[in-house]
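Enquirer: coords below, sequence missing:
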């Protein structure tokens, strides 16, 4: 039952919120993710804070690095981060 509560909260979250959630689940810092994707830290922070959105090519790279589906990033539905509970 708690799984449904988590899924609902993720679906209600924003793209930036899901990006931040997946980065935290991967135990990576903003600095590390920005470096891996080849963007500036302020760009990454803008994505997490919903001030900007990654372009399609970066979104695909981001999903791959964070091991989530693009669909999950965009809508909260699909393969999300694997948490150890």
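Expert: That came through fine. Everything quoted here is computed from the prediction, not taken from an experiment.
Enquirer: lowest mean pLDDT among the helices and strands, pick that one out for this structure.
Expert: Ranking every helix and strand in the chain by mean pLDDT, DSSP states H and E puts helix 2-12 at the bottom, with a mean of 50.
Enquirer: contacts for the next helix or strand after that helix next, please.
Expert: Note on helix 2-12: by DSSP states H and E, the next helix or strand toward the C-terminus is helix 15-25. Residues from elsewhere that reach helix 15-25 (C-beta atoms under 8 Å, 6 or more residues apart in numbering): 10, 13, 30, 33, 47-51, 53-54, 62, 66, 68, 72-74, 76, 80-83. C-beta here means a position set from N, CA and C on the backbone, and glycine is covered the same way.
Enquirer: just stretch 37-45 next, same as before
Expert: Stretch 37-45 is contacted by residues 30, 31, 33, 34, 52, 58, 61, 62, 65 when judged by C-beta under 8 Å, 6+ apart.
Enquirer: list the buried residues of the helix or strand hosting residue 42.
Expert: Assigned by DSSP H and E, residue 42 belongs to helix 41-48. By neighbour count on 16 or more other C-beta atoms under 10 Å, the buried set for helix 41-48 is 44, 46, 47, 48.
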